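*Asks:* turn this into a model:
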Amino acid sequence: MNKLVMLACVTGLAAAGCGNDSPAEPTGPTTTNTVFTVALTAANEVPPIANAEAGATGTGTITFHVTRDTAGIVTASTVDFVVTLANFPAGATARLSHIHTGAAGVVGPVLIDTGLSPAAPVVMPAGTGSFSFLGVQVSADNASAILANPAGFYLNVHSVLNGSGVVRGQLR
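*Replies:* Predicted structure coming up:
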């Protein structure tokens, strides 16, 4: 009888994978989406805006579509940008927008261009406007850096009046 009980236990363990609880490893690349919401204000610019656009605000929604290999390394990425702007003086024009490297209060270099350009600006006759650019290509290294430390990067929008930037917000 003991042999029969022992055989049943061994067979049960074999059928259960010998008690291995580790999840199966992915069999191929996976794609995930990470969304950042950015509150844009003129007060966040460095230095803060003090002219007619000082009350300008906005919201940016930035969605990273990231492909990772089976080891979890980013291999490809695109980004969608959806930005709404408000409280600008009537007739203001937004002409550039980028993600920059830099913590709050620090001015840094452009890392990712949204696609907004002087050739196709956002004119705000009533002081509000919006733009979106979908599927912007981003290098795997840049996507990895932003995903690892979003607070080290900011989105800003540049206007005709404030060419260095009129509204800014850290990624979070």
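
*Asks:* what residues does Thr101 make contact with?
*Replies:* 108-109, 111, 152-153 (CB atoms under 8 Å, 6 or more residues apart in numbering). In short, each C-beta sits where N, CA and C put it, glycine included.

*Asks:* got a quick PyMOL command for the buried subset of those residues?
*Replies:* Buried residues within the contacts of Thr101, by 16 or more other CB atoms under 10 Å, are selected in PyMOL with:
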select buried, resi 111+152+153
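
*Asks:* tell me the one of the contacts of Thr101 nearest Ser97?
*Replies:* The shortest approach to Ser97 among the contacts of Thr101 belongs to Leu111, at 12.3 Å (CB to CB).

*Asks:* name the SS class of that closest one, please.
*Replies:* Look at Leu111: counting by DSSP: H, G, I helix; E, B strand; the rest coil, its state is strand.

*Asks:* any chance you could map the strands in the protein?
*Replies:* Assigned strands in the chain, in chain order: 30-41, 57-68, 74-86, 92-101, 110-113, 122-124, 129-138, 153-159, 167-170 (criterion: DSSP state E).

*Asks:* rewinding a little: farthest pair in the contacts of Thr101?
*Replies:* Longest distance between any two of these is 12.4 Å, between Pro109 and Gly152; criterion CB to CB.

*Asks:* distance to Val138 and pLDDT added to the contacts of Thr101, as a markdown table?
*Replies:* Compiled in a markdown table, the contacts of Thr101 are given as follows (distance: CB to CB, whole Å; pLDDT from 0 to 100):
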| residue | distance to Val138 | pLDDT |
| --- | --- | --- |
| Gly108 | 16 | 97 |
| Pro109 | 15 | 97 |
| Leu111 | 9 | 97 |
| Gly152 | 15 | 98 |
| Phe153 | 12 | 98 |
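
*Asks:* OK, contacts around the nearest residue to Ala39 once chain neighbours are set aside?
*Replies:* For Ala39, ignoring the flanking residues on the chain, the nearest one in space by CB to CB, 6 or more residues apart in numbering is Gly169 at 4.9 Å. Contacts for Gly169 (CB under 8 Å, 6+ apart) come out as 38-41, 44, 60, 154-156.
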